[in-house]
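[1] Need coordinates for the below:
(2 chains)
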Number of protein chains: 2
Amino acid sequence: MDSIVSAQTVREAAERIKPLARRTPVLTSPALNEQAGHSLYLKCENLQRGGAFKIRGAANLILSIPQSELHNGVVAFSSGNHAQAVAIAAKHVGASATIVMPEDAPRAKMDATRALGARIVTYNRFTDDREQIAAAIMAETNGILVPPFDHPMIASGQGTAALELLDEVPDLTSLVLCVGGGGLLAGSAVIAKSINPNIRIFGAEPELGNDTFQSLQKGERVTIPPPDSIADGLRSPSPGKLTFPIIQQLVEAILLVTEDEIREAMRMLMANVHVIAEPSGVVGLAAALFGKLPAEITSVGVVISGGNVDPEFLKTL
Amino acid sequence: MDSIVSAQTVREAAERIKPLARRTPVLTSPALNEQAGHSLYLKCENLQRGGAFKIRGAANLILSIPQSELHNGVVAFSSGNHAQAVAIAAKHVGASATIVMPEDAPRAKMDATRALGARIVTYNRFTDDREQIAAAIMAETNGILVPPFDHPMIASGQGTAALELLDEVPDLTSLVLCVGGGGLLAGSAVIAKSINPNIRIFGAEPELGNDTFQSLQKGERVTIPPPDSIADGLRSPSPGKLTFPIIQQLVEAILLVTEDEIREAMRMLMANVHVIAEPSGVVGLAAALFGKLPAEITSVGVVISGGNVDPEFLKTL
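    Purely as a prediction, here's the structure:
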């Protein structure tokens, strides 16, 4: 297994995940372009299998594990989208899946994960020790851990989203990717820069969960208290050990958006593109819509990273 | 200009409309398949330019008009989606557009049409004489009429949706298309039967707007009072002169759905596929989800015909 993320590992991932991941559409909207002042190309991973880009990484790792090593199943820790992705990929290879989720994860994500046959163990993000729970579950199941972002196979898999986007819109001059632990951003940055060394790569985070922004400023990985942003998929408190140096090297800036901008981006996406994204899913879009990008940028590729949101939440927009 | 709808006119339309119509994605959902008891392939025309399949027909007709005949502009009568489509295509060829819309058309559709630079004239569906208004507008502008469905170029254009769907999923054994005036259904039936003579073609209508259902039963075009279904795009009171004989010849049955089934299909589409359709847009889907198709059918292509719905309406679901 490769210990790095490279253009080659991303291209290998693209082949490997074909049985499980969908080639998602790239959508555009004149109204959104006008609001942004740039031409936006929206790679709709909210229409991906499992409702988010996470299947790309999970499938890449799980499909690379020999069948003989899968008898104890797989284990994952996730606020939701990685959970569903691991459950889908595990089911595909006939392995059991145990998923550890925060008890305040969106119900839509929990229900979907359970419906895929995974066992769910919940914990309290604010009071429980996630590491301890992790150790106990690993000891109990002796399964293979499928980390949410900090693994070369995971980050390489996530990068296939950018590979497809650049394949469809080759002359993009910039990309905006949301950042939780940084798997999508790191994998996308690696493949995009290999295709076009001049492409400008931006991350996007909620102001309330700006761990990667702070880490880049400080020049080292910073851990923040559990973020309380509505972008539940981006609540990881620090960038990854593997992903952070890649981000340091290839990413121009992390753009920060407010909770209100996230809500408005969700509304505008629904009204103008007719697709539903979850709060985390529009953090990159919000950055593009609300003036966070350098003004001279013309064409922007944005990954709409996921669409798993409770219907009741949409009614509050 | 052809006076018939044929496989050739649909294929010519597919070439002609390329500058204006998008190849929309075909999406699937295990949860919807389970509910339906069939494998559903959703051709998402709610993600089409202008938010509905209507751009296909409008572009096909307007792009076939010589520039020299466009100086008085174009005129259309529409509850909304055809209006936007005509406005887009007229703008593309540099012609003015006058659109006559019922005053209770969804605000989203009216606003979008106006934003495209079209002049809007409203009328009351229940009290005004549409024919009279039409005659006055035509006399005033001397423009070219772009009818919503009853024209071979329009029906041929709409049929390109089915052409693309069968190109992507060639082994479909049936198609379900919603019916307003029948342009989409007629054009789709012609091209689908030419590709696969054994394919089974179904129309779908709201129970509250069952003019084509009644017409097929009676063996002639029936006109019903202005329907009050939430499926505002399907409120035409009778099938077309051109489209009805095609439907009689090629369509197996018209499936009827209730208002509640339409609402539930909208909810299920949002929750499981993460796309937004308008009420008219899910009438075919509702038929497939709620047991209206013959049980032995396995694979069903469904056109999600449009996505232009007021955000406030979604909150009532």
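
[2] from here on, contacts and neighbour counts on C-alpha atoms
    Will do.

[3] can you tell if stretch A:35-42 touches chain B?
    No. With CA under 8 Å from any CA of the partner chain as the criterion, chain B is not reached by stretch A:35-42; the gap is at least 12.1 Å.

[4] Work out the gap between that stretch and the centre of the chain.
    Between the centre of stretch A:35-42 and the centre of its chain there are 21 Å (CA atoms, centre = their mean, to the nearest Å).

[5] Tell me the buried residues in that stretch?
    A:Ala36, A:Gly37, A:His38, A:Ser39, A:Leu40, A:Tyr41, A:Leu42 (16 or more other CA atoms under 10 Å in any protein chain shown).

[6] Now for those: which two are most distant?
    A:Gly37 and A:Leu42 (14.7 Å; CA to CA).

[7] quick one: secondary structure of A:Ile99?
    Following DSSP: H, G, I helix; E, B strand; the rest coil, the label given to A:Ile99 is strand.

[8] what do you get for the one 5 residues further on?
    When states are read from three-state DSSP, the local structure at A:Asp104 comes out as coil.

[9] so where is chain A shaky, pLDDT-wise?
    A:1-3 (pLDDT under 70).

[10] Please name the residues that touch whichever residue of it sits closest to chain B.
    Residue nearest to chain B within chain A (CA to the nearest CA): A:Val275, separated by 4.2 Å. By CA atoms under 8 Å, 6 or more residues apart in numbering or on different chains, A:Val275 lies in contact with A:Leu269, B:Leu47, B:His274, B:Val275, B:Ile276.

[11] change it to 7 Å
    A:Val275 makes contacts with A:Leu269, B:His274, B:Val275, B:Ile276, as judged by CA atoms under 7 Å, 6 or more residues apart in numbering or on different chains.

[12] swap in A:Val190?
    A:Val190 is in contact with A:Ser6, A:Ala7, counting by CA under 7 Å, 6+ apart.

[13] Next SSE downstream of the helix or strand hosting it?
    For A:Val190, the host element (DSSP states H and E) is helix A:183-195. The element immediately downstream of helix A:183-195 (helix or strand, assigned by DSSP H and E) is strand A:200-206.

[14] for that following strand, packing partners?
    Strand A:200-206 is packed against strand A:174-178, strand A:253-257, helix A:283-289, with contacts defined by 3 or more CA pairs under 7 Å, 6 or more residues apart in numbering or on different chains; DSSP states H and E.

[15] Next step: the buried residues of stretch A:35-42 restricted to helices.
    A:Ala36 (DSSP state H).

[16] Output the buried residues of stretch A:35-42 in JSON lines, with distance to A:Gly233 appended to each entry.
    Listed next are the buried residues of stretch A:35-42 as JSON lines, based on distance: CA to CA, whole Å:
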{"residue": "A:Ala36", "distance to A:Gly233": "24"}
{"residue": "A:Gly37", "distance to A:Gly233": "27"}
{"residue": "A:His38", "distance to A:Gly233": "26"}
{"residue": "A:Ser39", "distance to A:Gly233": "26"}
{"residue": "A:Leu40", "distance to A:Gly233": "23"}
{"residue": "A:Tyr41", "distance to A:Gly233": "22"}
{"residue": "A:Leu42", "distance to A:Gly233": "19"}
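
[17] for the buried residues of stretch A:35-42, which one is nearest B:Gln67?
    Of the buried residues of stretch A:35-42, the one sitting nearest to B:Gln67 (CA to CA) turns out to be A:Ser39, at 29.1 Å.

[18] Provide the partner residues of A:Ile99 in its beta bridges.
    A:Ala76, A:Ile120 (DSSP bridges).

[19] Could you pull out the helices in chain A for me?
    A:7-16, A:30-36, A:54-62, A:81-93, A:107-115, A:130-141, A:152-168, A:183-195, A:211-218, A:243-250, A:259-273, A:283-289, A:311-314.

[20] and of the ones you listed, who's closest to B:Lys315?
    Across these, closest to B:Lys315 is helix A:311-314 (CA to CA), at 7.8 Å.

[21] A:Ile191 - how many residues pack around it?
    A count of neighbours around A:Ile191, defined by other CA atoms under 10 Å in any protein chain shown, yields 25.

[22] now do A:Pro311
    Count around A:Pro311 with other CA under 10 Å applied: 17.

[23] Roughly how far does it sit from A:Leu116?
    Separation of A:Pro311 from A:Leu116 (CA to CA, to the nearest Å) stands at 20 Å.

[24] How about A:Leu165?
    From A:Leu165 to A:Leu116 the distance is 28 Å (CA to CA).

[25] between these two, who's got more neighbours?
    Taking other CA under 10 Å, A:Leu165 and A:Leu116 do not tie; A:Leu165 has more neighbours (25 against 18).

[26] Who are the contact partners of that one?
    A:Lys43.

[27] measure it to A:Ile304 for me?
    11 Å.

[28] ok, stretch A:291-306 near chain B or not?
    No. In terms of CA under 7 Å from any CA of the partner chain, no part of stretch A:291-306 sits within range of chain B; the closest distance is 9.2 Å.

[29] end-to-end on that stretch?
    Its first and final residues considered, stretch A:291-306 spans 22 Å by CA to CA.

[30] Please compute how far it lies from its chain's middle.
    16 Å.

[31] what does stretch A:284-303 give?
    That offset, for stretch A:284-303, works out to 18 Å (CA atoms, centre = their mean).

[32] quick one: buried residues of it?
    Under 16+ other CA under 10 Å, the buried positions of stretch A:284-303 are A:284-290, A:292-293, A:299-303.

[33] cool, stretch A:168-181 as well?
    Applying 16+ other CA under 10 Å to stretch A:168-181 flags A:Leu172, A:Thr173, A:Ser174, A:Leu175, A:Val176, A:Leu177, A:Cys178, A:Val179, A:Gly180, A:Gly181 as buried.

[34] Name the nearest residue to the residue nearest the centre of chain A, sequence neighbours excluded.
    Chain A has A:Leu184 as the residue nearest its centroid, 5.2 Å off, counting by CA atoms, centre = their mean. Distance criterion CA to CA, 6 or more residues apart in numbering or on different chains; nearest residue to A:Leu184, sequence neighbours excluded, is A:Gln158 at 4.9 Å.

[35] For the residue lying closest to A:Ser174 once chain neighbours are set aside, give me its contacts.
    Counting by CA to CA, 6+ apart, A:Arg200 is the residue found nearest to A:Ser174 once chain neighbours are left out, at 4.5 Å. Shown in contact with A:Arg200 (CA under 7 Å, 6+ apart): A:Thr173, A:Ser174, A:Leu175, A:Glu252.
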